[in-house]
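Asker: sequence plus the predicted model coming up.
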Amino acid sequence: MDDPVHRAGQEAARYGVPLSACPLMKETNMPSHTGESLPGWRGRLASWQAGWHQENEARLAELRRRRLLQQSLD
């Protein structure tokens, strides 16, 4: 996916930023302050969250894989 908002969500998860810290949830980035349409903002929010969840799942899968590999070596 070549969406910068999605990639930003992935990067946030990579650096350990909690989902609740999404920058789009800051008051200054909400439609009432930016003038952006609500559907447009919701789309960007969903994209950021999807990127965050995707990266988080990938990291958890890698941890599970490493744990299984370590257990098989013990």
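Answerer: Looks like it came in fine.

Asker: closest to the centroid, which residue in the chain?
Answerer: When the chain is reduced to its mean C-alpha position, the closest residue under CA atoms, centre = their mean turns out to be Trp52, at 1.4 Å.

Asker: tell me the contacts of the closest residue to it other than its chain neighbours?
Answerer: The spatially closest residue to Trp52, leaving aside those adjacent along the chain, is Gly9, at 3.9 Å (CB to CB, 6 or more residues apart in numbering). Where you see a C-beta, it was placed from the backbone N, CA and C, and this is true even at glycine. Neighbouring residues of Gly9 by CB atoms under 8 Å, 6 or more residues apart in numbering: Cys22, Ser47, Trp48, Gln49, Ala50, Gly51, Trp52, His53, Gln54, Glu55.

Asker: okay, and for this protein, where does confidence drop off?
Answerer: Residue ranges of the chain with pLDDT under 70: 1.

Asker: distance of the closest residue to Pro31 other than its chain neighbours relative to Cys22?
Answerer: The shortest distance from Pro31 to any non-neighbouring residue, by CB to CB, 6+ apart, is to Trp41 (4.7 Å). In this view, Trp41 and Cys22 are 12 Å apart by CB to CB, to the nearest Å.

Asker: and if you look at Ser37?
Answerer: 18 Å.

Asker: neighbour count winner among the two?
Answerer: Cys22 (18 against 10; other CB atoms under 10 Å).

Asker: how about the helices in the protein?
Answerer: Assigned by DSSP state H, the helices in the chain fall at 4-14, 31-34, 38-73.

Asker: list the buried ones in the last one?
Answerer: In this case it means helix 38-73. Neighbour-count burial for helix 38-73, counted by 16 or more other CB atoms under 10 Å, picks out Trp41, Arg44, Leu45, Ser47, Trp48, Gln49, Ala50, Gly51, Trp52, Glu55, Asn56.

Asker: circling back to that earlier point, how about CSV for the contacts of Gly9, with distance to Val5 added?
Answerer: Shown next, in CSV, are those (distance: CB to CB, whole Å):
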residue, distance to Val5
Cys22, 10
Ser47, 4
Trp48, 5
Gln49, 10
Ala50, 9
Gly51, 7
Trp52, 11
His53, 13
Gln54, 13
Glu55, 13
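
Asker: appreciated, that's everything.
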